[in-house]
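J.: Structure for this input, please:
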Amino acid sequence: MAKKAAAKKKAIKPGQKTPASGQYREVGPRGGKMIEKTMVKGHKAPPSEVKGATYKLVDRTKNKSGKG
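T.: Sure, this is the predicted structure:
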């Protein structure tokens, strides 16, 4: 289970494939929390609003696709 918890907190950079479907929150380069975006497993993450920002999974989708 430790591996799943670690994977959930891993940041995704814009352009990387998302490991699971769900709501991702954009986190600025200095840790500021910004808007949430819905992303689909296997699709590329969209460009960020601010240079250097990443995405973190906030709410995983409750279906087969969301089970990373």
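J.: Sketch out the low-pLDDT regions of the chain for me.
T.: 1-9, 64-68 (pLDDT under 70).
J.: which residues of it fall in strands?
T.: 22-27, 33-39, 54-60 (DSSP state E).
J.: Does anything pack onto the last one? Which helices or strands?
T.: Pointing back at strand 54-60 there. In terms of contacts (3 or more C-beta pairs under 8 Å, 6 or more residues apart in numbering; DSSP states H and E), strand 54-60 is packed against helix 2-9, strand 22-27, strand 33-39. Using the backbone N, CA and C atoms, a C-beta is placed for each residue, glycine as well.
J.: List the buried residues for stretch 31-50?
T.: With burial defined by 16 or more other C-beta atoms under 10 Å, the residues of stretch 31-50 counted as buried are 39, 41, 45, 48.
J.: Specify which member of the residues you listed is nearest to residue 29.
T.: residue 48 (9.4 Å; C-beta to C-beta).
J.: list the contacts for the closest residue in space to that closest one that isn't next to it in sequence?
T.: Of all residues not flanking residue 48 in the chain, residue 14 sits nearest, at 4.8 Å (C-beta to C-beta, 6 or more residues apart in numbering). Residues near residue 14 by C-beta atoms under 8 Å, 6 or more residues apart in numbering: 45-48, 53-55.
J.: Residue 10 now?
T.: residue 19.
J.: returning to what we had before: determine which two of the buried residues of stretch 31-50 are furthest apart.
T.: 41 and 48, at 19.3 Å, using C-beta to C-beta across those.
J.: my guess is residue 52 contacts residue 31, does it?
T.: No: using C-beta atoms under 8 Å, residue 52 is not in contact with residue 31; the gap is 11.1 Å.
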